[in-house]
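[1] Sharing a model that was predicted from the sequence below.
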Amino acid sequence: MRVNVPVTGRGYDYPADELLVSLTNTRGEITHCNPAFARVSGYSHEELMGQPHNLVRHPDMPPAAFKDLWSTIGRGKPWTGLVKNRRKNGDHYWVRANVVPVLERGKPVGYMSVRVKPSADEVAAADALYARMRAEAQSGRVTLVLREGELLHAGPRGWVERLVRLGLTAHMALTLAVLSFAVLLPDVLGLAGWAAVAWRAAALGLGAGVMLNYFHRHFSTALEEAERFAGDIAGCNLATTARTDYSASLGALMRRLVQIQINLRAVVGDVRNEVQGFSAAATQVAQGGRELSARTEAQAGSLQQTAAAMEELASTVAHTADAAAQMASESERNMAVASRGGAAIAEVAQSMEHIRRSSARMGEIIGVIESIAFQTNLLALNAAVEAARAGEQGRGFAVVAGE
């Protein structure tokens, strides 16, 4: 048996109107759970899916309780009992578990468990009972056993309890057997005549009275209770309660009716929660739609303004295109002028090159002239010197030299 630890010893309280619902497959693995079950267990929905259901088992639960649970639902019968479960953090919470098999072609294909919150007195009684069962299991002296969720005693007392819990047919057969024995008893005792008749009449009258009283208290009352409770369920009144402490067949019938009511409450509760969630989501969607409509209207106004601005922009672009075309035309003319200017500049450059070359040539000529002039000056100077030496005779030569 799986032992989940740690255990804190702290109890966890949850609302009495919450129903904790889970579905498991035949291997005991969780295939569905409602939000209340996940919240009370302390696990998230993702942590529970696919996990064995004994994930929430508390170590204080006696193994005999779960053995009786699986034995009962394995035969296709419902099981009801108080169970102490463990939360993820080690705290515990009590539930009255109502487990029914989900049948297909008469064979279980899964199990549905609906848990309701028990009263404080029921919790105290179950806690004491389970402590006693654990102690008896350790000592080896078992005096209490569970059969289909019902507590029975071991030994002769348990036989009597099982006899009381027999079905309707068994009760009728047993009653008829006792009545027949009472009728035949005068023959066994050797009575005859009026004494035997009186005995038989008294036995028949007493037996019939006892039988009628017993069947009225245990069967007629149960059938009336079942009829009333079924009428409440048919009228969708799921808040009523019913007794289940009747003999076997009728007790099982009442427990199944109670189980039907609890399952309907669970289904209706889950549907109500889903509808409330859908309503809240629908309200949010409607609010979002209104906000979107307002934003759309504002956006439409902005788009109109944008369209007007785009028209102005288009007009400006058209003017800009015309100006650009004109600028392109002027640019082409400017390029033509620039081309002609470039050609003229090239010609000027060529002329300047010719001028530069002519200037260089003139410089060379001027240099030659300056050289000739320098030599001429020397010759004139020499001629003047010679004319001075010649005196009067050289005067004419001096005039020539000066020229």
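    Perfect, thanks for sending it. Source: prediction; values computed, not measured. Numbering: from 1, shown residues only.

[2] you'd agree residue 4 is up against residue 60?
    No. Taking contacts as CB atoms under 8 Å, residue 4 lies outside contact range of residue 60: 10.7 Å. Any C-beta I mention is one placed from the backbone N, CA and C, and that applies to glycine too.

[3] Which parts of the protein are helices?
    35-41, 45-48, 63-74, 120-139, 156-164, 168-189, 194-215, 221-234, 248-390, 395-402 (DSSP state H).

[4] Can you say which of the ones you listed is packed in most?
    Highest mean neighbour count of the helices of the chain: helix 35-41, a mean of 19 (counted as mean count of other CB atoms under 10 Å).

[5] what's the single longest strand in this structure?
    In the chain, taking DSSP state E as the definition, the longest strand is strand 92-104.

[6] Just the buried positions in that one, please.
    Neighbour-count burial for strand 92-104, counted by 16 or more other CB atoms under 10 Å, picks out 92, 93, 94, 95, 96, 97, 98, 99, 100, 101.

[7] which one of these sits closest to residue 25?
    Using CB to CB, residue 101 comes nearest to residue 25 of these, at 11.4 Å.

[8] what sits against the closest one?
    By CB atoms under 8 Å, 6 or more residues apart in numbering, the contact list for residue 101 reads 73, 74, 76, 77, 78, 108, 110, 111.

[9] So how do I select the buried members of those in ChimeraX?
    Buried residues among the contacts of residue 101 (16+ other CB under 10 Å), as a ChimeraX selection:
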select :73,77,78,108,110,111
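
[10] circling back: the buried residues of strand 92-104 into CSV, with extra columns for distance to residue 30 and pLDDT?
    Output for the buried residues of strand 92-104, formatted as CSV (distance: CB to CB, whole Å; pLDDT from 0 to 100):
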residue, distance to residue 30, pLDDT
92, 19, 97
93, 17, 98
94, 20, 98
95, 15, 97
96, 19, 95
97, 14, 95
98, 17, 93
99, 13, 94
100, 16, 91
101, 16, 92
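
[11] Kindly reformat those residues as CSV containing distance to residue 83.
    Formatted as CSV, these follow (distance: CB to CB, whole Å):
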residue, distance to residue 83
92, 10
93, 10
94, 7
95, 5
96, 8
97, 5
98, 10
99, 9
100, 15
101, 17
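
[12] from those, which is closest to residue 337?
    Of the buried residues of strand 92-104, the one sitting nearest to residue 337 (CB to CB) turns out to be residue 93, at 100.3 Å.

[13] Look up the closest residue to that closest one, ignoring the ones flanking it.
    Excluding the flanking residues, the one nearest residue 93 by CB to CB, 6 or more residues apart in numbering is residue 12, at 4.3 Å.

[14] ok, back up a step: if we take the buried residues of strand 92-104, which one ends up nearest to residue 228?
    residue 98 (20.3 Å).

[15] In contact with the residue lying closest to residue 101 once chain neighbours are set aside, which residues?
    Leaving aside its sequence neighbours, residue 101 sits nearest to residue 108 (CB to CB, 6+ apart; 3.9 Å). The contact partners of residue 108, taken as CB under 8 Å, 6+ apart, are 26, 73, 74, 76, 101, 102.

[16] could you dump those residues to TSV with distance to residue 254?
    Below are these laid out as TSV (distance: CB to CB, whole Å):
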residue	distance to residue 254
26	27
73	18
74	22
76	18
101	19
102	21
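
[17] what's the first-to-last distance across stretch 10-17?
    22 Å (CA to CA, to the nearest Å).

[18] now stretch 238-246
    Note: stretch 238-246 ends 21 Å apart using CA to CA.

[19] What lies in contact with it?
    By CB under 8 Å, 6+ apart, stretch 238-246 touches 218-219, 221-222, 225-226, 228-229, 232, 251, 254-255, 257-258, 261, 264-265, 268.

[20] got it, and stretch 4-21?
    With contact meaning CB under 8 Å, 6+ apart, stretch 4-21 is reached by 32-34, 36-37, 39-41, 54-60, 86-87, 89-95, 112-117, 262, 265-266, 269-270.

[21] Can you mark which positions in it are buried?
    4, 12, 18, 19, 20, 21.

[22] Of all pairs in those residues, which one is the farthest apart?
    The largest separation in those, counting by CB to CB, is between 4 and 19 at 23.2 Å.

[23] and the gap between residue 220 and residue 214?
    Distance, residue 220 to residue 214, using CB to CB, to the nearest Å: 10 Å.

[24] what do those two both touch?
    Counting by CB under 8 Å, 6+ apart, nothing touches both residue 220 and residue 214.

[25] ok now stretch 20-28, how far from the chain's centre?
    In terms of CA atoms, centre = their mean, to the nearest Å, the centre of stretch 20-28 is set 20 Å apart from its chain centre.

[26] Same question for stretch 94-104.
    For stretch 94-104, the distance to the chain centre is 26 Å (CA atoms, centre = their mean).

[27] How about stretch 239-250?
    Per CA atoms, centre = their mean, the displacement of stretch 239-250 from the mean C-alpha position of its chain is 40 Å.

[28] heads up, I number from 592, so please use that
    In the new numbering, first residue 592, that becomes stretch 830-841.

[29] Quick check: mean pLDDT of that stretch?
    Along stretch 830-841, the predicted confidence averages to a pLDDT of 76.

[30] so residue 851 touches residue 824, yeah?
    Yes. If you go by CB under 8 Å, residue 851 and residue 824 touch, sitting 6.4 Å apart.

[31] between those two, what contacts are shared?
    Common neighbours of residue 851 and residue 824 (CB under 8 Å, 6+ apart) do not exist.
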